[in-house]
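*Asks:* no sequence on this one, just coordinates:
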């Protein structure tokens, strides 16, 4: 069993770049932009203390997300070149730093964003979301990070981010990548992708022999935006698929993309 987990982790690490847009498959990583609003900086008083939040102000900027490594349950990313700002009385306050992001889980999908951030050059402080269910379908990230888990007097950053828009010159008509979390998985995995525009999509799972195991979407018309479908590890005939390697294949008007899935015992 141990050797199988090591093998599965190595496979997941080898294929983790498929989780991000094509530009992420370089050493530089993927540029993310904050949405402002609803990204915000909050400072003040949270429960159980009884007082209002004193400051709530828009947060904008960017950061870079770069795949790092995987284990049997999580995929890890480096968060680099954080460049954020919030309005201030004397001009914008700059926020800089770096950290980590992980996504996966043994039973249910969870995520954690942890950043060491400096405000206007002051000593860095450690902000974390804690490990909790994701707020959005990856590659989008929606979470809240804080110094004290939003307990009494605290500083909170509401982070709503997605990969920076790809222009037509950069290849905006390319097929969207897909991600599966958790991967490897024991009972079920959620396959996520983003439709660049409304259109038809087919999502199927095949074994390594090319035999179809499961059809999750069959020329379904989907709206623009993030889409997720869960594979419960069963074949189309309702029987449990055996442990092993599978291929999730997504076909849309802009092309075909695949993702290796690792099903454990």
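*Replies:* Received, thanks. On a predicted model such as this, the values are computed, not experimentally measured, just so you know.

*Asks:* from residue 248, how far out is the closest residue to residue 131 other than its chain neighbours?
*Replies:* Nearest residue to residue 131, sequence neighbours excluded (Cβ to Cβ, 6 or more residues apart in numbering): residue 112, at 4.5 Å. In this view, the C-beta of every residue, glycine as well, is placed from N, C-alpha and C. Note on residue 112: its distance to residue 248, by Cβ to Cβ, to the nearest Å, is 25 Å.

*Asks:* which one of these two has more residues nearby?
*Replies:* Neighbours per residue (other Cβ atoms under 10 Å) separate residue 112 from residue 248, with residue 248 holding more: 26 against 20.

*Asks:* spit out the contact partners of the more buried one.
*Replies:* Residues counted as contacts of residue 248 (Cβ atoms under 8 Å, 6 or more residues apart in numbering) are 178, 180, 191, 203, 204, 205, 231, 258, 259, 260, 261.

*Asks:* and these as TSV, adding pLDDT, secondary structure and neighbour count?
*Replies:* Shown next, in TSV, are the contacts of residue 248 (pLDDT from 0 to 100; DSSP: H, G, I helix; E, B strand; the rest coil; neighbours: other Cβ atoms under 10 Å):
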residue	pLDDT	secondary structure	neighbour count
178	84	strand	21
180	90	strand	29
191	93	strand	23
203	95	strand	22
204	95	strand	17
205	95	strand	24
231	96	strand	21
258	88	strand	16
259	88	strand	23
260	89	strand	19
261	91	strand	25
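
*Asks:* ok, the residues you listed vs residue 132, which is closest?
*Replies:* residue 180 (19.8 Å; Cβ to Cβ).

*Asks:* please enumerate the strands of the stretch 101-250 of the chain.
*Replies:* If DSSP state E, counting those that start in this stretch is used as the criterion, the strands of the stretch 101-250 of the chain fall at 110-119, 125-128, 141-146, 153-163, 178-181, 189-195, 199-207, 212-222, 225-231, 244-252.

*Asks:* out of these, which is closest to residue 33?
*Replies:* It is, among the strands of the stretch 101-250 of the chain and with distance given as Cβ to Cβ, strand 153-163, at 6.5 Å.

*Asks:* got the angle for the closest one vs strand 141-146?
*Replies:* Relative orientation of strand 153-163 versus strand 141-146 (axes from the mean of the first three to the mean of the last three Cα atoms, to 10 degrees): 160 degrees.

*Asks:* and residue 72, helix, strand or coil?
*Replies:* Classification of residue 72 by DSSP: H, G, I helix; E, B strand; the rest coil places it in coil.

*Asks:* neighbours around it, how many?
*Replies:* 20.

*Asks:* these two touch, right, it and residue 185?
*Replies:* No. Residue 72 lies out of contact with residue 185 (Cβ atoms under 8 Å); the separation is 9.4 Å.

*Asks:* name the residues contacting each of these two.
*Replies:* In contact with both residue 72 and residue 185: residue 264, using Cβ under 8 Å, 6+ apart.
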